[in-house]
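Structure of the sequence below:
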Amino acid sequence: MTPEELATVGLRLDVDGAVATITLDRPEVRNAQTPAMWLALGELGASLPDDVRVVVVAGEGDTFSAGLDRAMLDPADAGEGTVLGLLALSDEEASARIEEFQRGFTWLRDPRFVSIAKVRGHAIGAGFQLALSCDLRLVADDAKFSMKESALGLVPDLTGTKPLVEHVGYARALEICATARVVPGEEAARIGLATACVPAAGLDAAVADLVAALVAPMPGVVTETKILLQGAADRDLDEQRRLEREAQVRRFRAVAAAFAG
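Predicted coordinates for the structure are as follows:
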């Protein structure tokens, strides 16, 4: 997508070598999200250069994302591009449409790169789920997470439920979703929801340090490691150790080729 097309849906992409930064750029509505933005995010994920090794997702201004743009729930506007427009579809068609929206989140789990959510201020609903879609979450001490869907009579449907349970466990995930309460940045780090919580003034530097550490290893190392870790919980030990040794043989050959070159 062109910069102009991205700007139309409130997104900005900056690629600097091995690092891509995607910014939600609608500060006038606290970076609220729309279905058009979700579809564009999915297109972005499919078109990133192959040499990108780190993806940073951020919000313009002092808020990561206030979640779904409430205009998308306005009964006066139930057009095709709105959430309420789903009601005009059959159950099967509506489910398929939501699956398209979900692709704007699932691509952040791609093993080709490590994704980092850089969170300051509010990460509400869809904003919370976008942060959860990233591999790592580095948050400011003013960060506030909340899964607001239940307060609207809805459920989280943008792929946030699985990583939330993985990070904090079933009981705490249920409590966070069912009560729609705010989880401050410090608590997020303490319960494993965030990688670290830092003073707001130091967030940029902390993310820069993390990015530098992630791009330092030889290309391919982090990708192989991410693949091993992503499915480890669902594999038995024999399967996991088989994958480890197969990956290590590939790494030995890559390292030997690098030295020979």
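
residue ranges for the helices of this structure, please.
3-8, 35-47, 91-106, 126-133, 161-168, 170-179, 185-190, 203-215, 221-230, 237-260 (DSSP state H).

between those helices, which gets nearest to residue 22?
Across those, residue 22 has its closest neighbour in helix 35-47 (6.5 Å, Cβ to Cβ). No exception for glycine: its C-beta is placed from N, CA and C like everyone else's.

dump the residue contacts of residue 12.
3, 6, 22-23, 25, 60 (Cβ atoms under 8 Å, 6 or more residues apart in numbering).

Tally up the residues packed near residue 60, please.
Residues near residue 60, counting by other Cβ atoms under 10 Å, number 18.

quick revisit: most surrounded residue in the contacts of residue 12?
Compared across those, residue 22 has the highest neighbour count, 23 neighbours, by other Cβ under 10 Å.

From residue 184, how far off is that residue?
The gap separating residue 22 from residue 184 is 25 Å, by Cβ to Cβ, to the nearest Å.

Then residue 50?
38 Å.

and the two? which has more neighbours close in?
When residue 50 and residue 184 are compared for neighbours, residue 184 comes out ahead with 15 against 7, by other Cβ under 10 Å.

so the more buried one bridges to which residues?
Under DSSP bridges, the beta-bridge partners of residue 184 are residue 144.

For the stretch 101-250 of the chain, give me the ranges with low pLDDT.
Of all residues in the stretch 101-250 of the chain, none has pLDDT under 70.

so what's residue 129 up against?
If you count contacts by Cβ under 8 Å, 6+ apart, then residue 129 has 105, 147, 156, 158-160 around it.

how about the residues you listed in CSV, adding neighbour count?
Listed next are those as CSV, based on neighbours: other Cβ atoms under 10 Å:
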residue, neighbour count
105, 22
147, 29
156, 21
158, 24
159, 20
160, 24
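
Name the surrounding residues that touch stretch 24-32.
7, 10-12, 33, 37, 57-61, 63-70, 121-122, 127.

what does stretch 250-261 give?
218, 220-221, 224.

how far is that stretch from where the chain is centred?
Taking Cα atoms, centre = their mean, to the nearest Å, one finds stretch 250-261 lying 32 Å from the centre of the chain it belongs to.

Over to stretch 96-103?
The answer for stretch 96-103 is 15 Å, by Cα atoms, centre = their mean.

With stretch 114-129 instead?
7 Å.

Repeat that for stretch 135-142.
12 Å.

Return the set of buried residues in it.
The neighbour-count check on stretch 135-142 (16 or more other Cβ atoms under 10 Å) flags 135-142 as buried.

What of stretch 93-103?
Under the neighbour-count criterion of 16+ other Cβ under 10 Å, stretch 93-103 has 97-98, 101-103 buried.

Dump it to CSV, keeping only the CA atoms.
Extracted C-alpha coordinates of stretch 93-103, given in CSV (Å, rounded to 0.1, in the frame of the first residue of the first chain):
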residue,chain,number,x,y,z
GLU,A,93,-20.6,-14.5,5.8
ALA,A,94,-20.2,-12.4,9.0
SER,A,95,-17.8,-15.0,10.4
ALA,A,96,-15.8,-15.0,7.2
ARG,A,97,-15.6,-11.2,7.3
ILE,A,98,-14.3,-11.2,10.9
GLU,A,99,-11.7,-13.7,9.8
GLU,A,100,-10.5,-11.1,7.3
PHE,A,101,-10.3,-8.6,10.1
GLN,A,102,-8.3,-11.1,12.3
ARG,A,103,-5.6,-11.3,9.6
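
circling back: most tightly surrounded among the helices of the chain?
helix 126-133 (a mean of 28; mean count of other Cβ atoms under 10 Å).

what's the angle from it to helix 35-47?
For helix 126-133 against helix 35-47, the angle by axes from the mean of the first three to the mean of the last three Cα atoms, to 10 degrees is 20 degrees.
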